[in-house]
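**Student:** coordinates only, sequence not included:
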């Protein structure tokens, strides 16, 4: 059955058995854009000796559109990424139209969120499932528009930071989430003027926070310092408290702590890209996003609300009300 969450239609699994997709009839995927993720994901998915959890998906082709010079990687970096992608057996094409003719699904790996709607829309119209790397867009309006377009075209869409799939956050997410009383997470949070503050890199720590807390943030307030870093405190349902610290000064890294009824757990750090790639492969095999549109939209609303609170001197911002302003039921 189809359902609707936060005004976005949920696309059900279109495959009855995952094993219908094997190494012999692997789904062909296309990458849009060059980045470290383009290189890493191609290497994992096109490895001739990959494990069973990655079987069924193969990166077939790459299309690299011109990027915005204010956030683009250097020519040397781009060449290195492209060399790695091509070495993995990926062909290059000169247009989105050519890419769509060759593949069953699309990964948007452009580093910049601003052109993502332009890049996503042809895939959605063609009914090709899409993974959109962070940030989904440059602001909440852009994020909502992309997810509403996916719903309109009834095409599955998925986005996530790799920090969601650390082993310890996932253990809590899958077996202990109902015991979580609160959590603190942290990550680097450099700013990029074309994007809402935390979208550019703070998304990593915020995604980790939501992995263990789940949805349901009612309100939040900002108490950080723009030069040193952001401190955002959210109040969830049942008066649970979640805190994100975005670092801009001092030693940076990824991590956090979850406070449960009967224990306190260190969330660990960055476990590499592979766990996320496993989830991406599962998404394309099943057409079912492992992170719901509801949760992704709330994550971006949380980061937008944090920006609003900062501009208002730390005033509390009601997250569901912000979502309603953009046509999403909170």
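**Tutor:** Received, thanks. Keep in mind the model is a prediction, meaning the values are calculated, not measured. Residues are numbered from 1 along each chain as shown.
**Student:** what ranges do the helices span in this structure?
**Tutor:** Assigned by DSSP state H, the helices in the chain fall at 36-45, 75-87, 96-102, 116-125, 140-152, 167-175, 203-213, 274-286, 293-311, 319-325.
**Student:** of the ones you listed, which approaches residue 197 most closely?
**Tutor:** helix 293-311 (5.0 Å; C-beta to C-beta). All C-beta spots, glycine's among them, are computed from the backbone N, C-alpha and C.
**Student:** Packing partners of the closest one?
**Tutor:** strand 8-10, helix 140-152, helix 203-213, strand 217-222, strand 229-236, strand 317-318, helix 319-325 (3 or more C-beta pairs under 8 Å, 6 or more residues apart in numbering; DSSP states H and E).
**Student:** Please identify the buried residues of that helix?
**Tutor:** 293-307, 309-310 (16 or more other C-beta atoms under 10 Å).
**Student:** Then stretch 159-178?
**Tutor:** So for stretch 159-178, counting by 16+ other C-beta under 10 Å, buried means 159-166, 168-173, 176.
**Student:** how far is it from where the chain is centred?
**Tutor:** 13 Å (C-alpha atoms, centre = their mean, to the nearest Å).
**Student:** Stretch 114-128 too?
**Tutor:** 16 Å.
**Student:** what separates the closest residue to residue 198 other than its chain neighbours from residue 211, distance-wise?
**Tutor:** Spatial nearest neighbour of residue 198, chain neighbours left out: residue 303 (3.9 Å); criterion: C-beta to C-beta, 6 or more residues apart in numbering. Taking C-beta to C-beta, to the nearest Å as the measure, residue 303 falls 15 Å from residue 211.
**Student:** Ramachandran coordinates for the spatially most distant residue from the centre of the chain?
**Tutor:** Note on the chain: the largest C-alpha distance from the chain mean falls to residue 262, namely 30.6 Å (C-alpha atoms, centre = their mean). Main-chain dihedrals, residue 262, degrees, to the nearest 10: phi -120, psi 10.
**Student:** list the contacts for it?
**Tutor:** Residues counted as contacts of residue 262 (C-beta atoms under 8 Å, 6 or more residues apart in numbering) are residue 179.
**Student:** got it, and residue 40?
**Tutor:** 273, 277.
**Student:** Mind doing that once more with 7 Å?
**Tutor:** Residues near residue 40 by C-beta atoms under 7 Å, 6 or more residues apart in numbering: residue 273.
**Student:** per-residue pLDDT, it?
**Tutor:** Note on residue 40: pLDDT of 97.
**Student:** I'd like to know how far it sits from residue 46.
**Tutor:** From residue 40 to residue 46 the distance is 11 Å (C-beta to C-beta).
**Student:** for residue 296, same thing?
**Tutor:** 27 Å.
**Student:** do residue 175 as well
**Tutor:** 33 Å.
**Student:** Check residue 328 too.
**Tutor:** Here residue 328 is placed at a distance of 37 Å from residue 46 (C-beta to C-beta).
**Student:** Show me which of the two is the more surrounded one.
**Tutor:** Using other C-beta atoms under 10 Å, the more surrounded residue of residue 328 and residue 46 is residue 328, with 23 against 20.
**Student:** Could you dump the helices of the chain into CSV and include distance to residue 252?
**Tutor:** Shown next, in CSV, are the helices of the chain (distance: least, C-beta to C-beta, whole Å):
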stretch, distance to residue 252
helix 36-45, 17
helix 75-87, 20
helix 96-102, 36
helix 116-125, 26
helix 140-152, 25
helix 167-175, 18
helix 203-213, 10
helix 274-286, 20
helix 293-311, 18
helix 319-325, 26
